[in-house]
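# Got a predicted model here, sequence first, then my questions.
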Amino acid sequence: MSETTPRHAGRPGHVAGQVKFLVCVDASPPSRVAVHYACRRAKNTDGRVALLHVVQPVDFRQWSGVEHMMREEQLETAESLLNELAQDVNSWAGVMPELLVREGRIGDEILGAVDDDPLIDLLCVGSNPAEGRGKLVSWLAGHLAGRLTIPLVIIPGTISDEDIINIT
């Protein structure tokens, strides 16, 4: 697929059960809001939800034991976070999400997850308006926008549950 070809060019419209919303998550409240948004969209379109947490590499090569321990701790934290959010997805959408942990640079891993799964139709990220554009949102806007082959939805972390229900 070329970088300029839309991901789903030539694909028929919405096929029930084959639409997947990918949400990039961390432990922040805006991530939980983005998950809620994706769940409402999935529920209303008979779609699915995938949660992605990217573990950033640690660089302690001179102390490989420390690097290994930090990596293991990050993976355990990611698994715990995803399991907690999976319960929210089940509550909001009535389905269990696909849980993805990838290791590497966040933008590269987001693109990799999208490229690896042709059923992903929409990328959702939460933002914290009080902090301006966060690291992920800034990176996405500056670097991914031209390389993403699916729509990107940035959900303000301050949006209420009622507003999410109204817009989805």
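Thanks, I have the structure now.

# what sits opposite L152 in the beta ladder?
For L152, the beta-bridge partners are L123 (DSSP bridges).

# can you give me phi and psi for L75?
Backbone torsions of L75, given as degrees, to the nearest 10, read phi -70, psi -40.

# residues touching it, list them.
L75 makes contact with V55, V101, according to CB atoms under 8 Å, 6 or more residues apart in numbering. Quick note: C-beta positions are derived from backbone N, CA and C, even for glycine.

# For it, give me the pLDDT.
As predicted, L75 sits at a pLDDT of 90.

# Check V137 too.
Predicted confidence (pLDDT) for V137: 69.

# Equivalent analysis for G132, please.
Here, the pLDDT recorded for G132 equals 58.

# Which residues lie in contact with the residue nearest to H36 when sequence neighbours are not counted in this structure?
Of all residues beyond its chain neighbours, the one nearest H36 is I164 (5.4 Å), with distances taken as CB to CB, 6 or more residues apart in numbering. Taking CB under 8 Å, 6+ apart as the criterion, I164 is in contact with V33, H36, Y37, R40.

# Am I right that I164 is in a strand?
No - going by DSSP: H, G, I helix; E, B strand; the rest coil, the assignment for I164 is helix, not a strand.

# chain center to stretch 146-153, what's the gap?
12 Å (CA atoms, centre = their mean, to the nearest Å).

# Could you do stretch 26-46 as well?
Offset of stretch 26-46 from its chain centre (CA atoms, centre = their mean): 9 Å.

# could you say which helix or strand contains K43?
helix 29-45 (DSSP states H and E).

# buried stuff in that helix?
Buried residues in helix 29-45, counted by 16 or more other CB atoms under 10 Å: 30-43, 45.

# And those, which two are furthest apart?
Distance extremes for the buried residues of helix 29-45: the farthest pair is P30 and T45 at 22.6 Å, using CB to CB.

# residue boundaries of the helices in this structure?
Ranges of helices in the chain, per DSSP state H, are 29-45, 64-93, 106-116, 135-139, 161-167.
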